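Q: Need a 3D model of the sequence below.
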Amino acid sequence: MSSVFQARLLGNPLGDNPVDLAVGSNITLKNGGYGGALLHSHIQTYPEGSQQQQVTCYHHKDINNNWVVQLPVYEYNDNVETQDDIQLIKNGDVIRLMHLETGLYLRSHPIDAPVSVDQWEVSAHTNNSIQDQGDLWKIEVVASAKQQHTSQIQSLTTKFRLRHVELDCLLAADNTFLPQWGFRQLEVVCDKNNRTGDESTWWNVEEHVNEKLPPPPKDAYRSRFWTDFVSLNSVMWVSNNALIADPEKDDILTSEPTKWPMMSVGLRMCGWEDEMIKFYLLGSPAVWWPAFLSLWVFAASVLLQTVRLRRQIPCMSPGTFLGFH
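A: Prediction:
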């Protein structure tokens, strides 16, 4: 779901996000495409290309979705990050994004992406060199739900692009899935085509933690009903189409429509962890089979009565026949 939609749900912590983004903020980034996933990285590396740490998009909450906003190495000085001084991030600023769990930086380079070979690969790698600008990204604001704050980057409401400073490409994630070595997560690339109007190149801050920033004012995050309605249905459609069985494995969970009437396959309602209670959903044969059989009996009865009526051999009065239907 969209970040603002989630923030409006009772009990959702996104509504407590600090409003303005600042240096040192611990954030997650949500892609603007339909069913937008969260920017993600994990310790596994690409099998080819740079062979650096993988960067993907992942639809679920995970600690590997967290990134820390930093300034370029050459911009650090004694006046930036003090206890009492906060440096807010604005449109046009150049930043680095450090992966919280591994300490590596989001970067791109002139190496073909693993699946979309016409785009540049995006990875995570260590970098403390001033000369290496492979991890520098320029923020370009696209739109803001609060029109008076289009220059400031704000949680949930500001949509922006991340342009690679050196390659002049855009951080993007469409619905291209990585192979099994990437856990079938979404591929993240640096788009050479500069599709500035494509929502797959748009991002917004979702989770946001920064103890130096004040809490948000009441009703800081609002959205329109029809925007939420379209977003909700789009996410459900994308999520459902992403449920693709692995052709290399014997799939015991999915079922064909022909198996539904007789309940040939049940439905697992939980994970496989040892500490979890296991549920397996299966209809009662005493209810399911007679109900299925009654549909055929009803269809056959309607067909028989229709044929007899056409041949003027009614077995019931016209009024009773109409009521039968």
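Q: alpha carbons only for contacts and neighbour counts from here, please
A: Will do.
Q: Low-confidence regions, the stretch 201-325 of the chain specifically.
A: Applying pLDDT under 70 to the stretch 201-325 of the chain flags residues 242-253, 314, 316-325.
Q: all strands in it, in order from the N-terminus.
A: Shown for the stretch 201-325 of the chain, the strands assigned by DSSP state E, counting those that start in this stretch span residues 203-209, 267-268, 280-281.
Q: ok, the last one: who's next to it in the sheet?
A: Partner strands and pairing direction for strand 280-281 (DSSP bridges) are strand 267-268 (antiparallel).
Q: what comes into contact with the partner strand?
A: 253, 279-282 (CA atoms under 8 Å, 6 or more residues apart in numbering).
Q: go again using 6 Å as the cut-off
A: By CA atoms under 6 Å, 6 or more residues apart in numbering, the residues outside strand 267-268 that reach it are 280-281.
Q: Would you tell me which one of the strands of the stretch 201-325 of the chain is buried the most?
A: strand 203-209 (a mean of 24; mean count of other CA atoms under 10 Å).
Q: Quick check: which helices or strands does that strand pack against?
A: Applying 3 or more CA pairs under 6 Å, 6 or more residues apart in numbering; DSSP states H and E, we find strand 203-209 packed against strand 26-31, strand 158-164.
Q: for the first one, what is the average pLDDT?
A: With pLDDT averaged residue by residue, strand 26-31 scores 97.
Q: Run the chain-centre distance for that strand.
A: 11 Å (CA atoms, centre = their mean, to the nearest Å).
Q: With only the CA atoms kept, save it in PDB.
A: This file holds the C-alpha atoms of strand 26-31, laid out as PDB (Å, rounded to 0.1, in the frame of the first residue of the first chain):
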ATOM      1  CA  ASN A  26      17.300   6.000   9.300                       C
ATOM      2  CA  ILE A  27      14.800   5.400   6.500                       C
ATOM      3  CA  THR A  28      13.200   2.900   4.200                       C
ATOM      4  CA  LEU A  29      12.500   3.900   0.500                       C
ATOM      5  CA  LYS A  30       9.400   2.900  -1.300                       C
ATOM      6  CA  ASN A  31       9.200   2.700  -5.000                       C
END
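Q: could you point out which element follows that strand?
A: Counting by DSSP states H and E, the element after strand 26-31 in chain order, helix or strand, is strand 38-45.
Q: Against which helices or strands is that following strand packed?
A: By 3+ CA pairs under 6 Å, 6+ apart, strand 38-45 packs against strand 26-31, strand 53-58.
Q: quick check: angle from that strand to strand 203-209?
A: Angle between the axes of strand 38-45 and strand 203-209 is 80 degrees (criterion: axes from the mean of the first three to the mean of the last three CA atoms, to 10 degrees).
Q: which residue packs closest to the residue nearest to the spatial centre of the chain, ignoring adjacent ones?
A: Central residue of the chain (CA atoms, centre = their mean): Ala37, 2.1 Å from the mean position. Once flanking residues are discounted, Ala37 sits nearest to His59: 4.4 Å by CA to CA, 6 or more residues apart in numbering.
Q: Burial check on the one you found, number of neighbours?
A: Neighbour count of His59, defined by other CA atoms under 10 Å: 18.
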